[in-house]
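[1] return atomic coordinates for the entry below.
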Amino acid sequence: MQITGIIGAMDVEVAILRSMMKNARTETVSGIDFIIGSLEGRRVVLARSGVGKVFAALCAQTMILKFGVTEIVNSGVAGTLTPELHIGDVAISTACVQHDMDTSAVGDPVGLISGINMIELPADTKIADELDRVCAAANVNHRLGVIASGDQFVHTTERRVWIVSTFNASAVEMEAAAIAQVCFVNKIPFAAIRVISDEASGDVKIDYMTFVKAAAATSSDIALRWLRARA
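    Residues are numbered from 1 along each chain as shown. You can find the predicted model right below:
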């Protein structure tokens, strides 16, 4: 039986989806509320993980081991790293990287994840293709590409340029790659939808505070369209 896990880091990223859940019940594990029910006719487990890679990984692992999800989508907002994506546009993951993972002092490439010896954690191509088609049908400007995650709110041009030059990433945020790593080791299909809320440089705080709610609403809308298309 297919059960879809949907993870957002913040309340604003899951509030719309939570309000539309049918036959919902809530279980709390390690301080995270997991809402089990249905959305658009699909069995879904929805959760607000909390911000950062540790909370995101904790949430994803619990979804898999306790609630038996068979796929996970990370829905939320991000900063753009490309001139092709602006506020309100959508980044869909082809892969995720951890831009703050760095054991280069002992000879490893920057971003290499010890234990699995990978830099790029691939997204599930089927889910990514489905999200691509949903965005195209909705006439939403979007790009498929690498999403970079780290326990940093990227807000300087220098860091932004470094992430692009090192990983060729399209968007930057704080959770997707951690969820991707958990899904990879558990052999669970995964992809991320990230709606651009800021430019990841300059007036990032102004952009973010102004546009985060609208960006989160767009991300939720895409997730709902995706579920509807599969029902």
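
[2] so which elements touch the host helix or strand of Gln181?
    Per DSSP states H and E: Gln181 is located in helix 176-186. On a contact count with 3 or more Cβ pairs under 8 Å, 6 or more residues apart in numbering; DSSP states H and E, helix 176-186 meets helix 53-65, strand 71-80, strand 90-98, strand 121-122, strand 142-149, strand 190-198. Yep, even glycine has a C-beta here, placed from its N, CA and C like the rest.

[3] hmm, 10 Å instead?
    Secondary-structure packing of helix 176-186 (3 or more Cβ pairs under 10 Å, 6 or more residues apart in numbering; DSSP states H and E): strand 4-8, helix 53-65, strand 71-80, strand 90-98, strand 121-122, strand 142-149, strand 190-198.

[4] winner for burial among those?
    Highest mean neighbour count among those (mean count of other Cβ atoms under 10 Å): strand 190-198, with a mean of 29.

[5] partners of that strand in the sheet?
    Strand 190-198 has the following strand partners under DSSP bridges: strand 71-80 (parallel), strand 90-98 (antiparallel).

[6] state the pLDDT value of Gly52.
    As predicted, Gly52 sits at a pLDDT of 96.

[7] and it, what is it in contact with?
    9, 58, 149-152, 174-175, 178 (Cβ atoms under 10 Å, 6 or more residues apart in numbering).

[8] tell me which two of these sit farthest apart.
    Greatest spacing in the contacts of Gly52, by Cβ to Cβ: Leu58 and Gln152 (19.0 Å).

[9] for Val195, give its distance to Ser38.
    24 Å (Cβ to Cβ, to the nearest Å).

[10] what residues are bridge-paired with Leu144?
    Under the criterion used (DSSP bridges), Leu144 bridges to Ile92.

[11] wait, it sits on Arg133?
    No - with contact defined as Cβ atoms under 10 Å, Leu144 does not count as touching Arg133 (11.3 Å).

[12] tell me where the model's unsure across the chain.
    Across the chain, the ranges flagged by pLDDT under 70 are 200-208, 231.

[13] isn't Ala191 up against Val73?
    Yes - counting by Cβ under 10 Å, Ala191 does reach Val73; the two are 5.8 Å apart.

[14] in this structure, spot the helix with the most residues.
    helix 204-230 (DSSP state H).

[15] just the angle for that one relative to strand 90-98, thanks.
    The directions of helix 204-230 and strand 90-98 differ by 110 degrees, with axes from the mean of the first three to the mean of the last three Cα atoms, to 10 degrees as the criterion.

[16] quick revisit: could I get the helices and strands packed on helix 176-186 as CSV with distance to Arg160?
    Putting these into CSV (distance: least, Cβ to Cβ, whole Å) gives the following:
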stretch, distance to Arg160
strand 4-8, 23
helix 53-65, 19
strand 71-80, 8
strand 90-98, 14
strand 121-122, 21
strand 142-149, 10
strand 190-198, 11
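
[17] quick one: contacts for Lys213?
    Contact criterion Cβ under 10 Å, 6+ apart gives 12-13, 15, 77, 197 as the residues in contact with Lys213.
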